[in-house]
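*Asks:* My questions concern the predicted model and sequence given below.
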Amino acid sequence: MSTSSPRQAGFLAIELDGAGWAGADIARAVLAAESAGFHAATFTDAPVPGRANALQRAAFAGPVSRTIALVPEVDTVYTEPFHVSTQLASLDYVAGGRAGWIATAAESPEAAAAVGRSSVAGAALGQEAAASIEVSRRLWDSWEDDAVIRDVATGRYIDVDKLHHVDFETPAGFAGAGYSVKGPSIIPRPLQGQLPVLVPAFLLGVVSPDAVDGVLVSAPAAELLTAEIRDVRARVGASVAVVAELDVVLDARGQAAAGRVAGIDSGRAVYAGSAAGLTDFLTELLKEADGVRLHPASLAVDLEELGRLVLPELRRRGALRPVVQDGTLRDLLGLQRPVSRYATATAAHAAAAPPALESKGKP
Amino acid sequence: MTQHNRAKSDAFVPSGQIQFGVFFQGVNSGTIWKAAESGSQTDFESFRRIAQTAERGLFAAFFLGEGLRLREHLGRPHALDVVGRPDAQTMLAALASLTKNIGLVATQNTTYNDPADLAHRLASLDLISGGRAAWNIVTTDNAWTGANFRRGGYLDHADRYKHAEAFVETAKRIWDSWETPAGPAHRVLHEGQHYTVDVTPRLPRSAQYRPVLFQAGDSPEGRNFAARQADVIFSAHPKFDDAVEFRKDLVERSLTAGRGANAVQIMPASEFILAPTAAEAAEKKEWVRSLQIGPQQAVAYLEQFWGRELQSYDPDGPLPEIDPVVEETSETRGSGFHGAKARQLADQWRAEAKDKGLSIRQFVTSKTARIDATFTGSYIAVADQLAEYARVGAVDGFNISPWLIPTGLDDIVNHLVPELQERGVYPTEYRGNTLRDHLGLETPVRTADTAAEVVTA
Ligand SMILES: Cc1cc2nc3c(=O)[nH]c(=O)nc-3n(C[C@H](O)[C@H](O)[C@H](O)COP(=O)(O)O)c2cc1C
């Protein structure tokens, strides 16, 4: 890497929303992204017409892909935390340990009305997200790794000492209706132990950086991204991945990007222009951010250009981390596999196990 | 006679066919994990292997159950059960990518879900799979399971089918809300005792119009609910006479509900223990039972009902003389105990065991392991038996729980299916691309444009 920064090269994620809901189209898109060399595919879930459930699209992509991480957005405000936790754990199983979670908390009167709840806004969104993330993490830990013992001699399938009630209660001062979750989970611990959790930067403050593994950083314009990234980095410290959000419109098929850019109004920074220009821009951006999540204006058109022209050159420049065959998302993010917070360290166990880890499982 | 005419008729007409589904069990005590060939209950590879074998055998459907809290035994998770199961819809979405035809049935509870959210996820699965999704509607409710959810155990047991019906009606209106595959979508409004929905649905109808509806639950209210709402019943009545009786009962209820005598299909839960000869099958059954109900399982089974430790009792001796801890129901005893009075049950069981000269282990074996649901015999004899079910229309198919994962369907697909095909009672190819096609179900009629009216219930 050409920079003196001690950080290793970055990773690239691509948002696959444009693939639609048909299985064959989802498979085609995720394989194209994988062979283009993307490290992760994300699946957005904001409620718009024609969009199928993000977690299911990610699950469909699981068995047909090998190395790309699969990271759906899942709302934390109007969904049941217990369901969210088991669905994400299941995703990790079907994706062979390549699953992650973008925990979203959007202000959405429509989503509130759909489930008959009053609308949540402001700081209360962060409280809902923080509670939901905490419930999921506790439930993922509620089966210790070696809880299934299948001990023929005693007839025991599980060691009940290694299953734990999570007894979660929303904290005092919780703005919404408080709730509790008993546990344990109904599914063994996910393959990664804990799925990496990413949140949009606006939730930081209420959601503690200690509770997350990555932060998605947005800026209203491309020139402003670097400053935002530095600001967030200063708040979260080195152990949390900082990921920049970028809309991408490329010159393609004889048409200038400028001609295709009209109508894009996501509130995110937009890069519109040539593949070579994007390569330079990303090279610089990846010196600041751990990763970039690209939102192509047209999945089919822009993904093809990215795979043909942008990623190979970024790799040649050493700006990208190698894609690890059979790696987990934790591997990609440089995270160790954590020990369950409930682990009952017996003497023999303690000698062999890594040192005790904090709640989110990072050293 | 076409399926269409069957469904509209006031007289029940047997289809003369048998369909298979496979029920990949989650938490249970019947799946053998002690044998050398027993695989993982949770690894995706096991699900893939079972689903692909079932599809090779032209099974109509792959089912996943649901249980939203681990069963507990004397205050702790039950150590002897097979426990742990992944989320049904997430697994089925993944399996959709590795299969082409088989239906994908998710058991989902009406008490611990939100209608708009569940309807959306089922529509999603239906579209992703190209029209192969189904919902096995269950209504299990108790405060103990509710402790895992924001709303807690808010539903009275007596209300659960009323609630379920409003829930399903709302889901149907959500699935019906797109006028054409291109839209527009109608807003769906529901104001009810337990929830309020105000949603503009996001997804159009699938290739099979909407997910197929299965129902599992056996009370009179459950059967009436199924007669009004369901396409198929996942029943608990596989024995021949019982199945015929259940069919009769259901036909009456369907007619009362204003649907045709053939409107609702029946697929009982079942287990198959097969071999080339009757003698080998009988021997295999002994082996299967000995692994399903070991000594510890036998005693633990009684402990659930006695509500106390019974480890000092000899599994090969008589039932305990000691009385149960008397409580109507106990949270820690899970659903197994529901509705029975402890001491009464214990007296009854002691008398029965003494009468028949059964040890604890023999008695528990006789009470569990789907005794009534088991077809044991040679491939030929069992095929003859099933052909008779098809001839009289006792059932439309069987939902098979394999007692071995992941190879438990191999002998059924390799040996029983060809025998059934030879008898002309089993499909030789998939009838179409959707689950509705495989089952020969009619396309539902779109509920009229009541979509924007508030429905209160
Ligand atoms: C064959 C069969 C399978 C069932 N599977 C499930 C299941 O997977 N999950 C669940 O929560 N309940 C399951 N149930 C329970 C039903 O949802 C229902 O709660 C129970 O049968 C009691 O309802 P009832 O009083 O109408 O019989 C099943 C019931 C039957 C008969």
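*Replies:* Ah, there it is.
*Asks:* In three-state terms, how would residue A:283 be classified?
*Replies:* helix (DSSP: H, G, I helix; E, B strand; the rest coil).
*Asks:* and residue A:275, what does it touch?
*Replies:* A:250, A:251, A:305, A:306, A:308, A:309, A:310 (CB atoms under 8 Å, 6 or more residues apart in numbering or on different chains). From N, CA and C alone the C-beta is placed, and that goes for glycine too.
*Asks:* what sits against residue 180?
*Replies:* Defaulting to chain A. Here residue A:180 is in contact with A:167, A:168, A:169, A:170, B:147, B:152 (CB under 8 Å, 6+ apart).
*Asks:* should've been chain B
*Replies:* residue B:204.
*Asks:* Could you measure from it over to residue B:29?
*Replies:* From residue B:180 over to residue B:29 the distance is 49 Å, taken as CB to CB, to the nearest Å.
*Asks:* Quick check: chain neighbours aside, which residue is closest to residue A:183?
*Replies:* Leaving out its chain neighbours, the residue that sits closest to residue A:183 by CB to CB, 6 or more residues apart in numbering or on different chains is residue A:166, at 3.4 Å.
*Asks:* wait, doesn't the one you found sit right on residue A:140?
*Replies:* No - Residue A:166 lies out of contact with residue A:140 (CB atoms under 8 Å); the separation is 9.6 Å.
*Asks:* Show me which of the two is the more surrounded one.
*Replies:* residue A:140 (27 against 24; other CB atoms under 10 Å in any protein chain shown).
*Asks:* which residues touch the more buried one?
*Replies:* A:85, A:89, A:185, A:189, A:190, A:193, A:194, A:195.
*Asks:* Could you rerun that using 10 Å?
*Replies:* A:85-86, A:88-89, A:92, A:166, A:185, A:187-190, A:192-195, A:338, A:340-341, A:361 (CB atoms under 10 Å, 6 or more residues apart in numbering or on different chains).
*Asks:* now residue B:365
*Replies:* B:289, B:290, B:292, B:293, B:297, B:298, B:301, B:358, B:359, B:371 are the contacts of residue B:365 under CB under 10 Å, 6+ apart.
*Asks:* does the first one sit in a helix or strand, and which one?
*Replies:* Element membership of residue B:289, judged by DSSP states H and E, is helix B:278-292.
*Asks:* quick one: low-confidence ranges for the stretch 1-150 of chain A?
*Replies:* By pLDDT under 70, the low-scoring segments of the stretch 1-150 of chain A are A:1-7.
*Asks:* mind listing the helices for it?
*Replies:* A:23-36, A:54-61, A:81-94, A:109-114, A:123-141 (DSSP state H, counting those that start in this stretch).
*Asks:* what's the spacing between residue A:304 and residue A:35?
*Replies:* 11 Å.
*Asks:* Just want to know which of the two has more residues nearby.
*Replies:* Neighbours around residue A:304 and residue A:35, counted as other CB under 10 Å, are more numerous at residue A:304. The numbers are 17 against 12.
*Asks:* from memory the more buried one sits against residue A:29, does it?
*Replies:* No - the criterion here is CB atoms under 10 Å, and residue A:304 misses it with residue A:29 at 11.1 Å.
*Asks:* returning to what we had before: with distance to residue A:233 and pLDDT as added columns, please give the contacts of residue A:275 in CSV.
*Replies:* Rendered in CSV, the data for the contacts of residue A:275 read as follows (distance: CB to CB, whole Å; pLDDT from 0 to 100):
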residue, distance to residue A:233, pLDDT
A:250, 28, 97
A:251, 32, 95
A:305, 30, 97
A:306, 25, 98
A:308, 32, 96
A:309, 29, 97
A:310, 24, 98
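*Asks:* Filter those residues down to the ones in strands?
*Replies:* Per DSSP state E, strands hold the following members of the contacts of residue A:275: residue A:250.
*Asks:* Select the longest strand from chain B.
*Replies:* Longest strand in chain B, counting by DSSP E: strand B:265-275.
*Asks:* can you give me the angle it makes with helix B:278-292?
*Replies:* On the basis of axes from the mean of the first three to the mean of the last three CA atoms, to 10 degrees, strand B:265-275 is oriented at 100 degrees to helix B:278-292.
*Asks:* where do the helices sit along the stretch 151-300 of chain A?
*Replies:* Counting by DSSP H, counting those that start in this stretch, the helices of the stretch 151-300 of chain A are A:225-236, A:257-260, A:275-288, A:299-305.
*Asks:* Comparing these, which yields the minimum mean pLDDT?
*Replies:* Mean pLDDT is lowest for helix A:257-260 out of the helices of the stretch 151-300 of chain A, coming in at a mean of 88.
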